[in-house]
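Student: A structural model of the following input is requested.
(chains A and B)
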Amino acid sequence: MQNAEIADCFDEMADLLEISGESPFRIKAYRNGSQVIRDLPESVSQLIGDGKDLTKIDGIGSTLAEKSKVLIESGHLPALEELRKKIPTTLRTLLRVPGLGAKKVAVLHRELGVKDLAELKVACESNLVKDLKGFGAKTQQAILDGMAIAVAAGQRLRRDQADQLVDQLRKHLLENTDVDRIEFAGSYRRGKETIGDIDILVTSQQPESVMQHFCTFPATQEVIAQGETKSSIRVQESFQVDLRVVEADSWGAALQYFTGSKEHNVTLRGLAKKQGLKVNEYGVFRVDESDEKSRGETAPSKSSKSKSPTSNSATLANSISGAEEQSVYHALGLPYILPEFRENRFEWEEDYEARASSIIQLPDIRGDLHMHTTATDGVNSIEEMKAAAIARGLSYIAITDHSKRVSMARGLDAERVLSQWREIDAINKASDTSAFLILKGIECDILENGEMDLPDEVLAQADWVMASIHYGQKQSREQITDRILGAIAHPSVSAISHPTGRLLGRREAYQVDMDAVIQAAAQHKKLLEINASPMRLDLSDVHCMAAIAAGVQLVISTDAHSTGELDAMHYGIQVARRAGVQAEQVFNALTLEQVKLGLKRHR
DNA sequence: GCCGTTTTCGGCCCGACTGTTTTCAGTCG
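Tutor: From the prediction side, this is the model:
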């Protein structure tokens, strides 16, 4: 059983416990445990096998450790099965309807016997929902309206799609001259591989004007909420965009707060509290004792009609920071934490500053070792790819067209690939290879039977061989893992490309034991690719963390099928940064001279 | 259910907006 499967069980536990009205803290413990395990670089199965104590992991106590063990050993979780008997697990889908939380879902189930989205729809259409306590006509209609969103929920934007939307939103907002500062926060700023919603932060002297203008964004399908400081719209079926207008004095605190992640912020606030400080989206505040004692009476109350941010003025006097993001972290005695690190993973560790200072950046990249040409399914020639790479400041590339198994792309057989390599030799010979070199590469398929798609004696003549799986993706975990392990052990193979085969939002990763792949790559000193295509981003950041922890070197490549796609490199860099990858852990951050030597080492 | 510079019990991040209420609960991020 994989970490993600254990995490899924804990998430389901949390949802069902929440619907059954359990203690919010118990629920939080399961949610937190789920995230911790999902992000764990090591496999829980392996840790248990090695006799490691899971309770040493932050967020995992004796109960979750025991449940993990039961899951690993039996594949089942009796506590979860008990819960499922009491609460239909299909009720979880109701939580995806905007405006429905656990409490309302519980009422719908208890009072009307609703078990899933279809039954909820019938109940609303029969006018049964509006008379429930705490519901009303508006809520009933909102549920009906939100049904499609619930069905589409979980659909996230890829980074390239998010970039497009962000550009449009930025352009639209800047049409309003009342907008001063603007920044896109949330998971977008943290560089996550897919984006669930977009958070925009703005400073302005005229918040109302900005809010009005925001809600006229051309692609708006629905204005979900419109207030003085916060508005939300829905675009593209189910995608939510939130805008917050903050005062200049609070800019840094708000940026910190709305960049998240939620888990990072929870820890941050805990750290603040220990120092007698309070952090919220308005700033960092000193909490004096009188504040503490009178909190009940003077806290900015929920019932107060004064909803202006300045309702916090009682505590504003104690403000010690807030205008700039750096100062928020510094006020808490912390170094500035880069947005991509804010996942409550390793940003609090002692070596954080050292790690952050040498984290990989786009300019570290000197070459791109995965790309296609007109010989197969690319749209540009070798010469054109070379020119485009030089224009991007690279000093080497590898041409890695498909092998013959990928017939749809007119994959290369032995004869054609040897002919292409002669062409590359001729191009290199006619130019200064101390300045720029084209490597003779191939993206060779790992066939369904585990063999390589080209003869060993051909592969042995390549400078660079990436091994990939394109067919037989539905094979068993053992079969697929064995195929990849075989490729790693093959003397001519340099790297495994897109190791899990996932296509974001379209196709799940194939079943593969990544622990075994990572161990084998470490043992044979082979590289694993971060495929930078925004459709793939494969390896994921979590697998990257596991790979570098095992001492595996990475290669970040674009898999470009055109000159323009060479620009995708930054997406791969973002994944690597989130995993804390250093430049020296990336093969194609080496200079041309080093790569010439390194190619021999990885073969 | 987890955790400990207040350490085995008693806390656990915090504020905005909406809808259903008549002063607040639920939801969301």
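
Student: and the pLDDT at residue A:6?
Tutor: Predicted confidence (pLDDT) at residue A:6: the value is 90.

Student: tell me who's in contact with it.
Tutor: Applying CB atoms under 8 Å, 6 or more residues apart in numbering to residue A:6 gives the contacts A:37, A:44, A:68, A:71-72. The C-beta positions use only the backbone N, C-alpha and C, and glycine is treated the same way.

Student: which one of those residues is nearest DNA strand B?
Tutor: residue A:68 (9.2 Å; CB to the nearest atom of the strand).

Student: so is the host helix or strand of that closest one next to DNA strand B?
Tutor: Residue A:68 is part of helix A:62-74 when elements are defined by DSSP states H and E. Yes. Counting by CB under 7 Å from any atom of the strand, DNA strand B has neighbours in helix A:62-74: A:62-65.

Student: which helices and strands does that helix pack with?
Tutor: Applying 3 or more CB pairs under 8 Å, 6 or more residues apart in numbering; DSSP states H and E, one finds that helix A:62-74 makes contact with helix A:3-19, helix A:24-38, helix A:44-49.

Student: quick revisit: among the residues of helix A:62-74 next to DNA strand B, the buried ones, what's the PyMOL command?
Tutor: Here is the PyMOL command that picks out the buried ones among the residues of helix A:62-74 next to DNA strand B, judged by 16 or more other CB atoms under 10 Å:
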select buried, chain A and resi 64+65
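
Student: which of the residues of helix A:62-74 next to DNA strand B lies closest to residue A:48?
Tutor: Closest approach between the residues of helix A:62-74 next to DNA strand B and residue A:48, by CB to CB: residue A:65, at 9.0 Å.

Student: coming back round to it: contact partners of the helix holding residue A:68?
Tutor: Taking CB under 8 Å, 6+ apart as the rule, helix A:62-74 contacts A:1, A:5-6, A:9-10, A:29-30, A:33, A:37, A:44-45, A:48, A:53-55, A:60, A:76-79.

Student: and these near DNA strand B, which?
Tutor: Among those, the residues that sit close to DNA strand B (CB under 7 Å from any atom of the strand) are A:29-30, A:33, A:55, A:60.

Student: what average pLDDT does the helix holding residue A:68 get?
Tutor: Rounded mean pLDDT across helix A:62-74 is 93.

Student: between it and helix A:3-19, how many degrees?
Tutor: With axes from the mean of the first three to the mean of the last three CA atoms, to 10 degrees defining the directions, helix A:62-74 sits at 130 degrees from helix A:3-19.

Student: following element in sequence after helix A:62-74, please.
Tutor: Counting by DSSP H and E, what follows helix A:62-74 is helix A:78-86.

Student: what about residue A:473, distance to residue A:483?
Tutor: 11 Å (CB to CB, to the nearest Å).

Student: number of nearby residues for residue A:561?
Tutor: Applying other CB atoms under 10 Å, we find 18 residues neighbouring residue A:561.

Student: then the one 5 residues further on?
Tutor: Counted with other CB under 10 Å, the burial measure for residue A:566 works out to 21 neighbours.

Student: now it. Nearest residue, chain neighbours left out?
Tutor: Leaving aside its chain neighbours, residue A:566 sits nearest to residue A:560 (4.8 Å; criterion: CB to CB, 6 or more residues apart in numbering).

Student: and chain A, what are its domains?
Tutor: According to automatic domain parsing, chain A comprises the domains A:3-152, A:157-246, A:362-601.

Student: return the most buried member of these.
Tutor: domain A:362-601 (a mean of 20; mean count of other CB atoms under 10 Å).

Student: distance between it and the chain's centre?
Tutor: Distance, stretch centre to chain centre, for domain A:362-601: 22 Å (CA atoms, centre = their mean, to the nearest Å).

Student: pLDDT of it, averaged?
Tutor: When pLDDT is averaged along domain A:362-601, the result is 94.

Student: show me the contacts for the nearest residue to residue A:588 once chain neighbours are set aside.
Tutor: In this structure, residue A:588 finds its nearest non-sequential neighbour in residue A:367, 4.5 Å apart by CB to CB, 6+ apart. Residues in contact with residue A:367 (CB under 8 Å, 6+ apart) are A:389, A:394-398, A:588, A:590, A:592, A:595.

Student: indicate which one of the helices and strands packed on helix A:62-74 is closest to residue A:318.
Tutor: Nearest of those to residue A:318, taken as CB to CB: helix A:24-38 at 28.5 Å.

Student: can you give me the helices in the stretch 501-603 of chain A?
Tutor: Along the stretch 501-603 of chain A, the segments classed as helices by DSSP state H, counting those that start in this stretch run A:514-524, A:541-549, A:569-578, A:592-601.

Student: closest to residue A:219 out of these?
Tutor: When the helices of the stretch 501-603 of chain A are ranked by distance to residue A:219, counting by CB to CB, first place goes to helix A:569-578 at 23.2 Å.

Student: got the angle for that closest one vs helix A:541-549?
Tutor: If you take the same axes, to 10 degrees, helix A:569-578 sits at 70 degrees to helix A:541-549.

Student: now for helix A:569-578, which elements pack on it?
Tutor: For helix A:569-578, the packing partners by 3+ CB pairs under 8 Å, 6+ apart come out as helix A:159-174, strand A:527-531, helix A:541-549, strand A:554-557.

Student: isn't residue A:10 up against residue A:29?
Tutor: No. If you go by CB atoms under 8 Å, residue A:10 and residue A:29 don't touch, sitting 9.1 Å apart.

Student: tabulate the helices and strands packed on helix A:569-578 (JSON lines), appending distance to residue A:144.
Tutor: Shown next, in JSON lines, are those (distance: least, CB to CB, whole Å):
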{"stretch": "helix A:159-174", "distance to residue A:144": "27"}
{"stretch": "strand A:527-531", "distance to residue A:144": "41"}
{"stretch": "helix A:541-549", "distance to residue A:144": "38"}
{"stretch": "strand A:554-557", "distance to residue A:144": "46"}
